[in-house]
Each structure stands twice: as C-alpha cells, then as structure tokens.
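S.K.: Dropping a prediction and its sequence here:
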Amino acid sequence: MTEDRELDAWREQWSSIAEASTDGQRKIQQRIKKQNQRYVIGNLMSAIMLAGFLLFALVMRHQSGWLGTGWATGICVLVFVSAAYRVWILRGTLHPETQTTRAFVELWHKRVLARIRLLQISIYVSLGWIILCTALTAANWTTIGQDVMAHPKDWVELLIACVLMQPVIWYWAVWLRRRKLAELNEVNIILDEMDD
C-alpha cells in the first residue's frame with residue numbers, strides 16, 4: 001500500500017485550520033456572553049437610575065412652593081427624554097436575528113455603535129442641562145429667591161461645583177468612547193475575517 005503524502009499534508013493543514021476556527025468561535029462566544037451580561041446589567045442600572053430620578057422628582061414636587069414643582073417638572077422631562085433616546089438608540093440590539101456566530105458578532109457591532117452614540121450625546125446633555133438650569137434660575141430669581149430664602153451668591157457655589165464636574169464627566173465619556181472605538185475596531189476585524 002502506498003502512502004499519499006500530499007493527502008496527509010492536506011489533512012494536517014485542514015485539521016489545524018478547523019481547530020483554529022473552533023478556538024476563534026469559542027473566544028467570540030465567550031466575549032459575546034460577557035458582553036450580553038454587561039448589556040443586561042447596564043440596562044438594569046439605567047432603569048434603576050431613571051426610577052431614582054423619578055422618585056427624587058416626586059420628593060421635590062412635595063417641597064414647598066414653586067421651586068419644588070419646577071425642579072420636579074424639569075427632572076421628569078429630562079428622565080423621559082433620556083429614556084426615549086436610549087430606547088431609540090438601542091433598538092435592534094436586544095437579541096440576534098439568528099443563532100449563528102455571525103449574527104452574534106453583528107449584534108455586538110450594533111451594540112458598540114449604539115454605546116458610542118449614547119456617549120456622544122451624554123456630553124451635550126450634561127452641558128445643556130447646566131446651561132438650561134443656570135438660565136432658568138437667573139431668569140426666575142425673584143420667585144426662586146423668595147422660595148429658598150437665599151442670596152444668589154449662595155447658588156454660585158453650586159453652579160461652580162456643577163461646572164467643575166463637567167471635565168470629569170467629559171474625561172470619563174472620552175475614555176469610555178476610546179475603549180468602545182477599540183472594541184469596534186476589534187469587531188470590524190472579526191467581521192472582515194468572517195467575510196474572507
């Protein structure tokens with residue numbers, strides 16, 4: 001019986017490619033499983049924060065005078081706009097279309113893109129909220145001043161603290177965005193390898 005060395009070499013190459021492909025799929029599945037857990041925890045934490053803000057708004061509404069009602073209304077509007085935007089951005093990222101590895105990687109890609117969009121808007125929302133609150137407080141100080149029985153200088157400290165918090169929020173958002181862009185690059189590489 002003669003040995004076919006070419007056939008044996010081909011079998012060895014094929015088995016090594018199959019093992020590498022299986023290892024790659026296993027790594028992808030583990031990454032997606034961890035990412036699914038983070039996705040669920042992130043959405044749960046967001047829901048808890050939204051509920052906390054609504055509870056805070058309810059407590060503020062029962063405070064005496066116009067200030068409590070105004071703050072409660074502003075917080076409720078911010079919460080509902082933020083929740084609606086989050087749901088709109090995350091649409092289509094709940095589960096994959098099929099149960100294939102490619103579908104899970106595409107889901108991962110959608111989630112990373114959605115997270116990047118949410119981070120971009122968070123910078124603008126934090127800055128806009130400070131500007132809006134400052135403008136409303138300045139425009140209505142005669143009413144607010146009577147309600148809180150304070151001098152405007154007392155509120156300047158709070159405004160300065162809020163403005164000083166902005167670079168911390170921006171630094172965190174930029175840091176997380178950089179991580180998500182690296183993750184997006186990784187997902188794009190995996191998708192390109194799957195296309196080949």
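M.R.: Perfect, I can see it now.
S.K.: Could you find the closest non-adjacent residue to the residue nearest in space to the middle of the chain?
M.R.: If you average the C-alpha coordinates of the chain and look for the closest C-alpha using Cα atoms, centre = their mean, you land on residue 115, 4.3 Å from that point. Computed as Cβ to Cβ, 6 or more residues apart in numbering, the closest residue to residue 115 that is not its neighbour in sequence is residue 180, at 5.3 Å. Backbone N, C-alpha and C define where each C-beta goes, glycine included.
S.K.: Could you check the pLDDT of the one you found?
M.R.: Confidence per residue is given as pLDDT, and for residue 180 that number is 90.
S.K.: Please verify my assumption that it contacts residue 109.
M.R.: No. Applying Cβ atoms under 8 Å as the test, residue 180 and residue 109 come out as separate, 11.4 Å apart.
S.K.: CA atoms only for stretch 96-113 - export them in PDB, please.
M.R.: Taking C-alpha atoms only, stretch 96-113 is exported to PDB below (Å, rounded to 0.1, in the frame of the first residue of the first chain):
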ATOM      1  CA  PRO A  96     -29.500  38.500  17.300                       C
ATOM      2  CA  GLU A  97     -31.600  37.800  14.200                       C
ATOM      3  CA  THR A  98     -30.400  34.200  14.000                       C
ATOM      4  CA  GLN A  99     -28.400  31.900  16.200                       C
ATOM      5  CA  THR A 100     -25.300  31.900  14.100                       C
ATOM      6  CA  THR A 101     -21.900  33.200  15.200                       C
ATOM      7  CA  ARG A 102     -22.000  35.900  12.600                       C
ATOM      8  CA  ALA A 103     -25.400  37.100  13.800                       C
ATOM      9  CA  PHE A 104     -24.000  37.400  17.300                       C
ATOM     10  CA  VAL A 105     -21.000  39.300  16.100                       C
ATOM     11  CA  GLU A 106     -23.300  41.700  14.100                       C
ATOM     12  CA  LEU A 107     -25.300  42.200  17.300                       C
ATOM     13  CA  TRP A 108     -22.100  43.000  19.100                       C
ATOM     14  CA  HIS A 109     -21.300  45.500  16.400                       C
ATOM     15  CA  LYS A 110     -24.700  47.200  16.700                       C
ATOM     16  CA  ARG A 111     -24.400  47.400  20.500                       C
ATOM     17  CA  VAL A 112     -20.900  49.000  20.300                       C
ATOM     18  CA  LEU A 113     -22.200  51.600  17.800                       C
END
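S.K.: Buried residues, it. List them.
M.R.: Using 16 or more other Cβ atoms under 10 Å as the test for burial, stretch 96-113 gives 96, 101, 104, 105, 106, 107, 108, 109, 110, 111, 112.
S.K.: State the pair within those that is farthest apart.
M.R.: Spanning the widest gap among the buried residues of stretch 96-113 are 101 and 112, at 16.6 Å by Cβ to Cβ.
S.K.: What is the neighbour count of the residue nearest to residue 115?
M.R.: Residue neighbour count, defined by other Cβ atoms under 10 Å, stands at 19 for residue 180.
S.K.: how distant is the helix or strand where it lies from the center of its chain?
M.R.: Assigning secondary structure by DSSP states H and E places residue 180 in helix 152-195. For helix 152-195, the distance from its own C-alpha centre to the chain's C-alpha centre is 10 Å (Cα atoms, centre = their mean, to the nearest Å).
S.K.: Alright, that wraps it up for me.
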